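Enquirer: predicted model, plus sequence, below.
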There are 2 protein chains.
Amino acid sequence: MNTAPDRDATGAEHVPAPVVFFLSDSTGITAETLGNTLLTQFPGQRLERRTIPFITTVEQAREVVAVIDRLAAAGPRPIVFSTAVNQDIRTILAQSGGHFVDLFGAHIGVLEQALHASASGEPGKAHGVGDAIRYQSRMTAVEYAIEHDDGQSIRALERADLILIAPSRCGKTPTAMYLALQHGILAANFPLIEEDFARGELPRPLQPFVRKCFGLISLPARLSQVRHERRPGTTYASMAQCSYELRNAEEMYRLNQVPYVNSASMSVEEISATILQRMRL
Amino acid sequence: MNTAPDRDATGAEHVPAPVVFFLSDSTGITAETLGNTLLTQFPGQRLERRTIPFITTVEQAREVVAVIDRLAAAGPRPIVFSTAVNQDIRTILAQSGGHFVDLFGAHIGVLEQALHASASGEPGKAHGVGDAIRYQSRMTAVEYAIEHDDGQSIRALERADLILIAPSRCGKTPTAMYLALQHGILAANFPLIEEDFARGELPRPLQPFVRKCFGLISLPARLSQVRHERRPGTTYASMAQCSYELRNAEEMYRLNQVPYVNSASMSVEEISATILQRMRL
């Protein structure tokens, strides 16, 4: 086997990018998330990423190790992030030729000491159905969020845990959906429009529920850009209109003591974490 | 200060449950997820959980440490999961009186060795906006999923990355929403109904896109239970009807070579990871 690096026409060596594996006996979501956060500490690295979820048997673990070993023999040693819970599977994965980063096993010892107990060794599932009642509440919340998207229904607003309000395109819908899906929160969302600003008060259906309201604003330039993508060249998307709506929305939040956040440079996850914290949900 | 444990009428000691902290300089999502997975190894423990996100200054870190230290002085030592990236903040958090589980720092050394590079020390964001184009694609996908929920629109099906099909209440909607929100996948979902089974073919609008289809089935008892919650005592919710629809749906998937999965005991995260893997999305 030719293991010398290839050379291109300029004579530069073609070193293949190291492969990063995210391995899990469940969905692989945690391995990807924490692994990628760790890798952000090494910017500018060329890396190839592969997620292998649902490694639930020692045979599957051995197959994965064979893949890693082939890569390790032919090029740079792969980096292997694992959240596998099962001890037998972890032991096999640890024996591969890759750099093994055991995101789960590294911490069991501290916890055994802290809790004066031994780890059960049973597979735990961060992203499984888990508590069936809690899970069902998330599914119910998704339906509630769809039904109460963009002020489509004012039915059952009294059941809402949260009512997101904002001018169009500030991020109400994805935030409501995220809070429903991840946290089982009954989140309605309601647009603020010109008529509301002209009247200078919250939309009537929301007035009894002002304590459930949370507002979003954005930056005029950002909002205008997002609106232009949807309705290019319209008044709706103009800087003047965006500035007007944002200024009035912020004033309405202040007058009604509705907590709010500027979502312009925030992800839905960040907006959601902020809302959970501020509304003590 | 009285530090003796309280006793109730039976003389049993009231030992307060240890407090588990999930600390982060970002949303806290990863700390919660991995921390809770680790804790599933210690079932039956009474624990109180607190998430503190957005710890971005050393002052905030010191305030959190003060809270932990007060608890440690009065009762069992808290357990502290941290995904803080910033070295200064990590150093302060590590000095608290709690059991410190550094989910981030524990692995930096291995990665520095693997990548022949030093960690940048810059805060990385697993759940930030990150790549703005990728982020925008997730937001667009959420809108697409809402617009194409439950067969409401057959417009722009050619743009779909995925069309989820199933009888009512098998989990199409939350799965489509999850794939949109987390992965930016344009996921439509379409119900299979009696008329489709009577005709013995996929709904007409889907026929040109059969390669994009993925099917869900469930168990009759599970489906009947879920339907009873929504429409108690109806034919729709009866075991006979659920069995009939599920049997016919499965046959339709087979005939049309549509891949499918039984979602009865799976979470949306598990269903989604399975679909991503099977459809190579």
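Expert: Received it, and whenever you're ready, just let me know what you need. A quick note: this is a predicted structure, and the numbers were derived from the prediction, not measured. Residues are numbered from 1 along each chain as shown, chains lettered A, B, ... in the order given.
Enquirer: only C-alpha atoms from now on, for both contacts and neighbour counts.
Expert: Noted.
Enquirer: which parts of chain A are helices?
Expert: A:29-39, A:58-74, A:87-94, A:108-115, A:132-147, A:172-183, A:194-199, A:220-230, A:239-255, A:268-279 (DSSP state H).
Enquirer: would JSON lines of the ones you listed with mean neighbour count, distance to chain B and mean pLDDT be doable?
Expert: Shown next, in JSON lines, are the helices of chain A (neighbours: other Cα atoms under 10 Å in any protein chain shown; distance: least, Cα to the nearest Cα, whole Å; pLDDT from 0 to 100):
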{"stretch": "helix A:29-39", "mean neighbour count": "23", "distance to chain B": "5", "mean pLDDT": "89"}
{"stretch": "helix A:58-74", "mean neighbour count": "16", "distance to chain B": "12", "mean pLDDT": "97"}
{"stretch": "helix A:87-94", "mean neighbour count": "18", "distance to chain B": "11", "mean pLDDT": "94"}
{"stretch": "helix A:108-115", "mean neighbour count": "16", "distance to chain B": "7", "mean pLDDT": "92"}
{"stretch": "helix A:132-147", "mean neighbour count": "19", "distance to chain B": "6", "mean pLDDT": "85"}
{"stretch": "helix A:172-183", "mean neighbour count": "25", "distance to chain B": "6", "mean pLDDT": "94"}
{"stretch": "helix A:194-199", "mean neighbour count": "13", "distance to chain B": "23", "mean pLDDT": "93"}
{"stretch": "helix A:220-230", "mean neighbour count": "18", "distance to chain B": "9", "mean pLDDT": "91"}
{"stretch": "helix A:239-255", "mean neighbour count": "18", "distance to chain B": "19", "mean pLDDT": "97"}
{"stretch": "helix A:268-279", "mean neighbour count": "19", "distance to chain B": "6", "mean pLDDT": "92"}
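Enquirer: ok, which of these comes nearest residue A:206?
Expert: helix A:194-199 (11.4 Å; Cα to Cα).
Enquirer: show the secondary-structure elements that that closest one is packed against.
Expert: helix A:239-255 (3 or more Cα pairs under 8 Å, 6 or more residues apart in numbering or on different chains; DSSP states H and E).
Enquirer: quick one: distance of stretch A:199-211 to the chain centre.
Expert: Its chain's C-alpha centre and that of stretch A:199-211 lie 31 Å apart, by Cα atoms, centre = their mean, to the nearest Å.
Enquirer: same check on stretch A:268-281?
Expert: 13 Å.
Enquirer: before we move on, what about stretch A:19-39?
Expert: 14 Å.
Enquirer: what about the nearest residue to residue A:231 once chain neighbours are set aside, distance to residue A:194?
Expert: Counting by Cα to Cα, 6 or more residues apart in numbering or on different chains, residue A:237 is the residue found nearest to residue A:231 once chain neighbours are left out, at 6.7 Å. Relative to residue A:194, residue A:237 is positioned 14 Å away (criterion: Cα to Cα, to the nearest Å).
Enquirer: for residue A:143, same thing?
Expert: 28 Å.
Enquirer: over to residue A:217?
Expert: From residue A:217 to residue A:194 the distance is 15 Å (Cα to Cα).
Enquirer: do residue A:71 as well
Expert: As judged by Cα to Cα, residue A:71 and residue A:194 stand 60 Å apart.
Enquirer: same check on residue A:182?
Expert: Residue A:182 is 32 Å from residue A:194, where distance means Cα to Cα.
Enquirer: next one: residue A:257
Expert: As judged by Cα to Cα, residue A:257 and residue A:194 stand 20 Å apart.
Enquirer: just residue A:165 next, same as before
Expert: Residue A:165 is 14 Å from residue A:194, by Cα to Cα.
Enquirer: for residue A:34, same thing?
Expert: 43 Å.
Enquirer: cool, residue A:93 as well?
Expert: Taking Cα to Cα, one finds residue A:93 at 60 Å from residue A:194.
Enquirer: could you do residue A:142 as well?
Expert: In terms of Cα to Cα, residue A:142 sits 29 Å off from residue A:194.
Enquirer: the domain parsing of chain A - what is it?
Expert: Structural domains assigned to chain A are A:14-115, A:132-279, following automatic domain parsing.
Enquirer: as CSV, those with distance to residue B:153 would be great.
Expert: Output for these, formatted as CSV (distance: least, Cα to Cα, whole Å):
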stretch, distance to residue B:153
domain A:14-115, 31
domain A:132-279, 15
